[in-house]
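**Q** Have a look at this prediction, sequence included:
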Amino acid sequence: MTTLDKFDFSAGLTPDVFRAFFVHCYRHGVSDIHLQSGGPLVLGHHGRKIRASAFTLDHSTLLLLIDSLFSPLVKARIQAGKGDDAALQLEGDSQQRYGLERGERIRFRANFTQATIRGLNTAIAVTLRVINNQIPALNSLGLPDPLYQTLAHLPVEGIGLIVGPTGSGKTTLLTSVYQHHGETTPDCKVTTYEDPIEGLLGGPNWLLQPQQCEIGRDVPTYAEGLRLSMRQAPTIIGIGEVRDSETVEGMVSAALSGHLCLGTEHAFSAGHAFARSIRMLPAENREPLAHDMLELMRFIVMQRLVPTTDGRRCAIQEYVLFDDEFRESLRRHEYTQWATVLNKDLAAQETRISDQVWKKYQENRVSEETVRSYLGNSEFIKRSQHHVR
C-alpha cells in the first residue's frame, strides 16, 4: 500500500473500529472509501485504487454498519431501490476517540446504491468522499500567473465558473478563492450555497464571518438561495453546483444587479461549460440571456487532476479570461457557435488540458497510458510522429 500504512482491524468490524478507520484514511490523504457487499475495502488515493483489507465485507455486516454509522432510514431507502446520500461527521473528545484530538472534526459525504455485485442481486455499494477541512492557500496551488492574478483580484460583479468532472478539485479551488478574499479583503462578505457544505470557511482574519448554507437544510434550492442573497449585500455569492435552468438564470439576474457570482459545474472543457450553461437557460429567452451571460462572464476555469509518474497527481487548468476583445470576437458569430469558437481559440494557443498533458508527457511527468487516455490513440500517434521525446 505505497505511502499508506495498513490499518489494524484485529478489534473486529465494529462501528467504532470503522470510525477509527475513516480517521486513518483522512490522515493519509485518502479521497474516497469504497465499501461493497462481499468485497474488500478499497481506497482512492492520488487517483488510484488501493485494496485496504485482506478480508471481504459480509453483506449483513455492511447493513449493520449503515444502521450504526448513518440511520436505519438510509438502509430502508437503499433496499427500496431509491439510493441515498448522507453526511457523516466525526468529532474528537477528551478521550481522543477514533484518533481525533478534542474539538477536531472531520466529515464525509456518502452515497449508497443497491446493485448486483458478483451474483448478489441486493448487494450494497457505499462510496464515502473524504471532505478535506484544510483549505489550501490560493498562492500555494501553483496556478499560472494570469489565472492566479484573476482569482486573487476578483471583479466586483459578473460570473465566474470553475468546472471539471467529479473529483477534479473544483470545490477545493473555489473554496481557496473564498478564503483568500475573506482573509485579505476587510469588507468582503461571502455567502455560499452548497450541497453539502464542504470546506469550512472563516477564521480570525475575517471581519465578517462567511455564511455557508446547505441546500435542503437551510434553503430549498440554489435558485432560492440566489434570490435571498441579493438582499444581504454580499461581496461574493457562491454556488456549489450550477446544474439547472433556475440556477443559471438566477446567476445572470444576480450579476446584472451588480453581484459577483462564482460556481462550479460538471463539464469536460471550458467550451463545453459555456455551451452547457447557455443550454440551461430558458428556451423562450435563451438568446437574449446568452448575450447577457457573455457580457457578465469573467472567467471559466477547467481543472483536472492528472496522475503523475511519482504516484501522485498534479492539477492542470485550461482557462478563458473574458475581456472586451474576446467578447467582440464571439459577437461576430451566432451564440450557438460561441463554445466552438472558444475551443478553437484554446486549441490555437495549445492551452487545452490535452495539450498540457502532452507537455507533461514530454517532460516524463506522466505515463504513456495517461497521455493516451487524454488524447485518444489516434491523436497520440499523430503527435508522436511529429515529436521525439
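**A** Okay, I see it. This one's a predicted model, so the numbers in the text were calculated from it and none came from an experiment. Residues are numbered from 1 along each chain as shown.
**Q** Every contact and neighbour count from this point should use C-alpha atoms.
**A** Fine.
**Q** How about residues contacting stretch 173-181?
**A** The contact list for stretch 173-181, computed with C-alpha atoms under 8 Å, 6 or more residues apart in numbering, reads 135-138, 151-152, 162, 188, 190, 199, 201-202, 263-264.
**Q** among those, which are in strands?
**A** Using DSSP state E, the members of the contacts of stretch 173-181 that fall in strands are 162, 190, 263-264.
**Q** returning to what we had before: of the contacts of stretch 173-181, just say which sits nearest to residue 289.
**A** Distance to residue 289 across those (C-alpha to C-alpha) is lowest for residue 263, with 17.9 Å.
**Q** Okay, now the unreliable bits of this structure?
**A** By pLDDT under 70, the weakly predicted segments of the chain are 1-3, 388-389.
**Q** now the strands for it?
**A** According to DSSP E, the strands that the chain contains are 32-36, 42-45, 48-51, 84-91, 105-117, 120-131, 158-163, 190-194, 211-214, 236-239, 260-265, 297-307, 313-321.
**Q** can you put these in a markdown table and add mean neighbour count and distance to residue 175?
**A** Formatted as a markdown table, these follow (neighbours: other C-alpha atoms under 10 Å; distance: least, C-alpha to C-alpha, whole Å):
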| stretch | mean neighbour count | distance to residue 175 |
| --- | --- | --- |
| strand 32-36 | 22 | 19 |
| strand 42-45 | 20 | 21 |
| strand 48-51 | 14 | 24 |
| strand 84-91 | 16 | 19 |
| strand 105-117 | 19 | 16 |
| strand 120-131 | 19 | 12 |
| strand 158-163 | 26 | 11 |
| strand 190-194 | 24 | 10 |
| strand 211-214 | 19 | 11 |
| strand 236-239 | 26 | 9 |
| strand 260-265 | 25 | 10 |
| strand 297-307 | 23 | 14 |
| strand 313-321 | 19 | 15 |
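**Q** Mind jotting down where the helices sit in the stretch 151-300 of the chain?
**A** Using DSSP state H, counting those that start in this stretch, the helices assigned to the stretch 151-300 of the chain run over residues 170-184, 222-229, 245-256, 270-279, 286-296.
**Q** JSON lines please, covering those helices and showing distance to residue 120 and mean neighbour count.
**A** Shown next, in JSON lines, are the helices of the stretch 151-300 of the chain (distance: least, C-alpha to C-alpha, whole Å; neighbours: other C-alpha atoms under 10 Å):
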{"stretch": "helix 170-184", "distance to residue 120": "36", "mean neighbour count": "22"}
{"stretch": "helix 222-229", "distance to residue 120": "38", "mean neighbour count": "20"}
{"stretch": "helix 245-256", "distance to residue 120": "39", "mean neighbour count": "22"}
{"stretch": "helix 270-279", "distance to residue 120": "38", "mean neighbour count": "22"}
{"stretch": "helix 286-296", "distance to residue 120": "47", "mean neighbour count": "18"}
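**Q** Contacts only, for residue 57.
**A** By C-alpha under 8 Å, 6+ apart, residue 57 lies in contact with 35-41.
**Q** what's the answer for residue 368, then?
**A** By C-alpha under 8 Å, 6+ apart, the contact list for residue 368 reads residue 361.
**Q** I'd like to know how far it sits from residue 354.
**A** 13 Å (C-alpha to C-alpha, to the nearest Å).
**Q** Residue 287 is nearest to which of the strands of the chain?
**A** strand 297-307 (15.1 Å).
**Q** can you list contacts of that closest one?
**A** 46-47, 155, 158-165, 167-170, 267-270, 273-274, 313-323, 353, 357, 366, 370.
**Q** again, but for stretch 58-74
**A** 13-15, 35-39, 75, 84, 86, 88, 123-124.
**Q** next one: stretch 380-389
**A** 362, 371-372.
**Q** most neighbours, which of those residues?
**A** Among the contacts of stretch 380-389, the one with the most neighbours (other C-alpha atoms under 10 Å) is residue 371, at 24 neighbours.
**Q** Against residue 309, how distant is it?
**A** According to C-alpha to C-alpha, residue 371 and residue 309 sit 11 Å apart.
**Q** circling back to that earlier point, will you turn the ones in strands among the contacts of stretch 173-181 into JSON lines that also has distance to residue 304?
**A** Formatted as JSON lines, these follow (distance: C-alpha to C-alpha, whole Å):
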{"residue": "162", "distance to residue 304": "11"}
{"residue": "190", "distance to residue 304": "26"}
{"residue": "263", "distance to residue 304": "16"}
{"residue": "264", "distance to residue 304": "13"}
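**Q** Pick the one among these closest to residue 112.
**A** Ranked by distance to residue 112 (C-alpha to C-alpha), those are led by residue 264 at 23.4 Å.
**Q** Kindly provide the distance from that closest one to residue 159.
**A** 11 Å.
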